[in-house]
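give me a model of this one.
(one chain, ligands or ions: 1)
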Amino acid sequence: MASVRFENVTKKFGDFVAVANFNLEIKDKEFLVLLGPSGCGKTTTMRMVAGLEEPTSGDIYIDADRINDVLPKYRDVAMVFQSYALYPHLTVEDNIGYPLKIRKVPPDEYKRRIVEVARRVELDTMLKRLPKELSGGQRQRVALARAIVRTPRVFLMDEPLSNLDAKLRTQMRAELKHLQHELQVTTIYVTHDQIEAMTLAHRVAVMNRGVIEQLGTPREIYSDPRTLFVAGFIGSPAMNLVSGEVRGGVFARAGLRVGGAGRFDVRRAVLGARPEDIQVTSAEDPDVNLVAPIYSVELTGENTLVSLQLGGELITLRADKNFAGQIDQPVGVKIATDRMFLFDAETERRVY
Ligand code: ATP
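Numbering: from 1, shown residues only. This next block holds a predicted model:
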């Protein structure tokens with residue numbers, strides 16, 4: 001059993017507030033992802049749990065134990081760093097086995113556990129190599145193996161997949177997901193990659209400038225974003241965000257008109273629509289929200305991304321893989337009112 005709790009935790013570096021009055025409880029066995037852009041305070045938050053940074057104020061608990069003053073080695077957490085932090089003079093085997101050695105695990109079990117985790121991360125043929133004889137991806141897998149070779153109370157993972165190539169990354173992501181299911185250890189996972197967050201997390205905390213913008217399941221974060229920031233950060237390609245004005249229940253920007261916006265009274269608004277929720281149709285269709293010439297067409301394999309120019313910006317929609325439109329050809333666009341979002345341009349909060 002291990003839950004992790006932050007109570008009013010603030011971390012300052014000089015006058016700079018990296019983490020501001022942070023409150024969060026990570027439940028026992030939960031896989032919680034801290035997601036946000038570079039510099040938003042994710043790593044600092046995690047390092048405070050590891051004991052590598054000290055909170056300026058506030059308390060951190062693992063279960064009922066306040067750990068602010070507990071030395072890192074007594075916190076029983078295992079951390080995987082983005083930078084691997086391997087011992088250069090030790091072989092793969094000894095790097096992986098290090099946490100067992102300092103806990104004086106008997107030789108038989110030591111050997112058995114190393115072979116088992118090495119197999120899992122596909123390093124079993126490289127046990128005698130030194131880190132400098134490995135690729136970046138292999139080193140990262142050694143770091144991962146070293147963390148999972150024993151079962152700590154909490155796993156802390158800081159972008160553990162960031163240096164892998166696309167194929168290995170997908171493979172290791174699935175492996176991590178499986179491991180979590182098998183090991184059932186509370187995990188805090190830091191990433192700026194929203195696909196990783198969406199696929200791995202039980203819950204995601206989206207961070208921005210040292211605070212949590214939204215906490216929820218991947219589905220909630222995707223389909224019910226509460227702020228402009230969260231809306232723009234989740235989804236690939238990103239949600240279209242179009243600034244405009246609302247008058248008489250109609251949102252307008254350049255040639256775009258979208259009705260059904262009468263239930264709130266903001267003048268300046270940002271309309272949000274995901275590429276998958278915008279439909280492309282004929283320019284002659286009387287029911288469209290916009291008619292514009294095609295700016296670009298990109299076939300991704302499973303579908304086609306079509307961009308159109310709207311008042312100097314591009315909006316992108318996802319069309320069928322057989323979409324046959326050409327650049328400069330005018331097309332009609334329909335935005336499903338029940339799938340769109342509207343944000344107050346001042347507060348950046350969602351109003352519809
Ligand atoms: P990244 O994804 O780039 O690692 P992050 O969200 O993990 O970003 P942090 O590493 O937590 O961000 O850093 C948060 C902010 O605190 C950044 O603006 C960073 O420059 C600042 N910061 C972090 N460590 C220190 C330090 N030791 N001294 C001064 N400022 C720091």
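
now the helices for the stretch 1-150 of the chain?
For the stretch 1-150 of the chain, the helices identified by DSSP state H, counting those that start in this stretch occupy 42-50, 92-101, 107-120, 136-148, in order along the chain.

now the ones you listed as a markdown table including mean neighbour count?
To be clear about C-beta, it is placed using only N, CA and C from the backbone, and glycine gets the same treatment. Supplementary listing: the helices of the stretch 1-150 of the chain in a markdown table, determined by neighbours: other C-beta atoms under 10 Å:
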| stretch | mean neighbour count |
| --- | --- |
| helix 42-50 | 22 |
| helix 92-101 | 20 |
| helix 107-120 | 15 |
| helix 136-148 | 23 |
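
how about those, which one is nearest the ligand?
Distances from the ligand to each of the helices of the stretch 1-150 of the chain were compared by C-beta to the nearest ligand atom, and the smallest falls on helix 42-50, at 3.0 Å.

which helices and strands does the closest one pack with?
Here helix 42-50 touches strand 4-13, strand 16-26, strand 31-35, strand 57-62, strand 77-80, strand 154-158, strand 186-191, going by 3 or more C-beta pairs under 8 Å, 6 or more residues apart in numbering; DSSP states H and E.

tell me the buried residues in the shortest one?
So that's strand 77-80. Judged by neighbour count (16 or more other C-beta atoms under 10 Å), strand 77-80 contains these buried residues: 77-80.

any low-confidence regions in the stretch 251-352 of the chain?
Within the stretch 251-352 of the chain, the stretches falling below the threshold (pLDDT under 70) are 261-265.

please list the residues of the chain that sit near the ligand.
Taking C-beta under 6 Å from any ligand atom as the test, the list of the chain residues beside the ligand reads 13, 16, 18, 36, 38-44, 192.

top of those residues by number of neighbours, please.
Comparing the residues of the chain next to the ligand by number of neighbours (other C-beta atoms under 10 Å), G36 comes first, having 28 neighbours.

quick one: contacts for that one?
Applying C-beta atoms under 8 Å, 6 or more residues apart in numbering, we find G36 in contact with 42, 192, 206-208, 233.

format these as a markdown table; extra columns: pLDDT.
Rendered in a markdown table, the data for the contacts of G36 read as follows (pLDDT from 0 to 100):
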| residue | pLDDT |
| --- | --- |
| K42 | 96 |
| H192 | 92 |
| V206 | 97 |
| M207 | 97 |
| N208 | 96 |
| F233 | 93 |
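
residue contacts, whichever residue of the stretch 101-250 of the chain sits closest to the ligand?
As assessed by C-beta to the nearest ligand atom, the ligand sits closest to H192 within the stretch 101-250 of the chain, at 5.2 Å. Under the criterion of C-beta under 8 Å, 6+ apart, the contact list for H192 reads 35-38, 42, 159.

7 Å instead, please
For H192, the contacting residues are 35-38, by C-beta atoms under 7 Å, 6 or more residues apart in numbering.

would you mind giving the domain segments of the protein?
Listed domain ranges for the chain are 4-232, 237-344 (source: automatic domain parsing).

from the chain's centroid, how far away is the shortest one?
If I follow you right, that is domain 237-344. Offset of domain 237-344 from its chain centre (C-alpha atoms, centre = their mean, to the nearest Å): 26 Å.

next one: stretch 225-234
With C-alpha atoms, centre = their mean as the basis, the mean position of stretch 225-234 lies at 12 Å from the chain mean.

do the same with stretch 88-99
Computed by C-alpha atoms, centre = their mean, the chain-centroid distance of stretch 88-99 equals 30 Å.

mind listing residues that contact it?
Contacts of stretch 88-99 from elsewhere in the structure, counted by C-beta under 7 Å, 6+ apart, are 78, 86-87, 110, 114, 117-118, 123, 126-132, 142, 145-146, 149-150.

any idea of the mean pLDDT in it?
Across stretch 88-99, pLDDT averages out at 94.

quick revisit: quick check: the farthest pair among the contacts of H192?
Pairwise distances among the contacts of H192 were taken by C-beta to C-beta; the largest, 11.8 Å, belongs to L35 and S38.

next, the buried residues of the lengthiest helix in the chain.
Secondary structure assigned by DSSP state H gives helix 166-183 as the longest helix of the chain. Taking 16+ other C-beta under 10 Å as the basis for neighbour counts, the residues of helix 166-183 that come out buried are 168-169, 172-173, 175-176, 179-180.
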